[in-house]
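Asker: Got a predicted model here, sequence first, then my questions.
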Amino acid sequence: MENGKKQQTLKKVPAYLKSKNRRPRQNMMFVFTAVPGATYYYKNRTEGTWNKTTDPDSIPVTLMNDWTYSNSSFIYTTNLGVVPELTRTTSNLLEVVLDGNTYNLPLKLYDWDQKEKIDLYYKLDNGSSVKIINDLAVNSQTINVNLPMNFNSLSSGSHTLKVWAVDKTDRKSNEIDYTLNIIKLYPPTLSNTSTTDTTCTLNWNMSPKVTNYEIQRVDTGVIYSTTNLSYTVQGLIPKSAYQFRIRTKYSGFTSSWSNNVNIVTPMSIPAKPAFNNNSFTHDTINLSWNSVEDAEIYEVMETNTGVVKSTSGTNIAFSNMTPSTNYVFKMRAKNTAGYSNWTENYYVTTLNEPKAPTISGINTTDTTCGFMG
């Protein structure tokens, strides 16, 4: 503090401020000459508030004596063209989950003279510099900034990011370096492997970094959640069309929905029919029943012989039966989904064979015949 000179630890002090007639003390980086009428800001690195003064001699001697490279205080002056400074508010190792949205990168910007508007730039990997914020108004020494970064074009894996600030006199701040671990959340490819009349089982391939999967039934919006690679949806209606889609979730992030997969449930296996009427003679048997929903064919078996007759109607006839004989029948319905159960046995007994009529009272001679009453 002799002769109005202050010790300075700011690395980027303009060369013309360095003292030519004295060497820095031990543990002190630079010496500069006080500028009349300048405003100075100072603090200890561990303090949160900057102090302001126009009198360099008022800066506490204890601060001056404590200036070291590892625990330094800064002095800036408003008429020296102060370089803006950026600091991280997060780790330099960032896990970035891509879900199609913008990633907000928090930073802290220091601009002690508050003279110029600030532009912020970034560079990804070995790409070109990109201006992301233009003409940021500085109304405080310290500003919290959220950079709206779009990383969605990056591939999964490790990437580098550099961020810096430049004021309108082209004074560039320090560069902040980050290592990005890009995790892409994307929906898996959904497939349908099996469908019944009331269920469908959906399958997909594993996606990296997934907490769980969500499957949505599109017509109702109902969402089913699972950590497995398949899910069976229950309670569907036979002969109905449905659409399903899937998305992934990880650490509070959600991917976009996949494309819809279309499924159609088949018809149900028909219910078991029932005989409701019959008619018969000594050598024929006619059987009938009420129709069953979704039945396409009815099969009727005569169990004595094993003969099976089929029809799409609701009646069938058996002929050339033996008179006075007990017959046992059973029936089932079928469609493309399968067969119903057989009915219980149905018994029918044919009538006795009718006798031929007899003719009596006929006299015959060699040449005549006559009827006798």
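Answerer: Arrived safely, thanks for sending.
Asker: show me what contacts S279?
Answerer: Residues near S279 by Cβ atoms under 8 Å, 6 or more residues apart in numbering: 285-286. Placement of C-beta: from N, CA and C, glycine included.
Asker: redo that, cut-off 7 Å
Answerer: Counting by Cβ atoms under 7 Å, 6 or more residues apart in numbering, S279 makes contact with N286.
Asker: do N260 as well
Answerer: Here N260 is in contact with 218, 243-245 (criterion: Cβ under 7 Å, 6+ apart).
Asker: Repeat that for Q243.
Answerer: Q243 touches 218-219, 260-262, counting by Cβ under 7 Å, 6+ apart.
Asker: Among those, give me the pair with the biggest separation.
Answerer: Spatial extent of those (Cβ to Cβ) is set by the pair D219 and V261 at 13.1 Å.
Asker: Looking at those two, which one has more neighbours?
Answerer: V261 (19 against 11; other Cβ atoms under 10 Å).
Asker: Can you tell me who the closest residue to the more buried one other than its chain neighbours pairs with across the strands?
Answerer: Of all residues not flanking V261 in the chain, L190 sits nearest, at 4.8 Å (Cβ to Cβ, 6 or more residues apart in numbering). Beta bridges link L190 to W204 when assigned by DSSP bridges.
Asker: again, but for the one 4 residues further on
Answerer: Each beta-bridge partner of S194 is listed here: T201, as defined by DSSP bridges.
Asker: Just give the number of residues close to it.
Answerer: Residues lying near S194 (other Cβ under 10 Å) number 12.
Asker: my guess is it meets N203, correct?
Answerer: No. Under the criterion of Cβ atoms under 7 Å, S194 is not in contact with N203, lying 9.0 Å apart.
Asker: where does the stretch 251-373 of the chain dip in pLDDT?
Answerer: 358-373 (pLDDT under 70).
Asker: Grab the most central residue of the protein for me.
Answerer: In the chain, the centroid-proximal residue (Cα atoms, centre = their mean) is R247; its distance is 1.6 Å.
Asker: Compute the first-to-last residue distance for stretch 258-272.
Answerer: Using Cα to Cα, to the nearest Å, the end-to-end distance of stretch 258-272 comes to 42 Å.
Asker: in that stretch, what counts as buried?
Answerer: Residues of stretch 258-272 classed as buried by neighbour count (16 or more other Cβ atoms under 10 Å): 258, 261, 263, 265-270.
Asker: repeat for stretch 314-327
Answerer: Within stretch 314-327, the residues scored as buried using 16+ other Cβ under 10 Å are 314, 316, 318, 321, 327.
Asker: residues contacting the fourth one?
Answerer: In other words, M321. 283-285, 327, 350.
Asker: Apply 10 Å and report the result again.
Answerer: Counting by Cβ atoms under 10 Å, 6 or more residues apart in numbering, M321 makes contact with 280-285, 302, 327, 348, 350-351.
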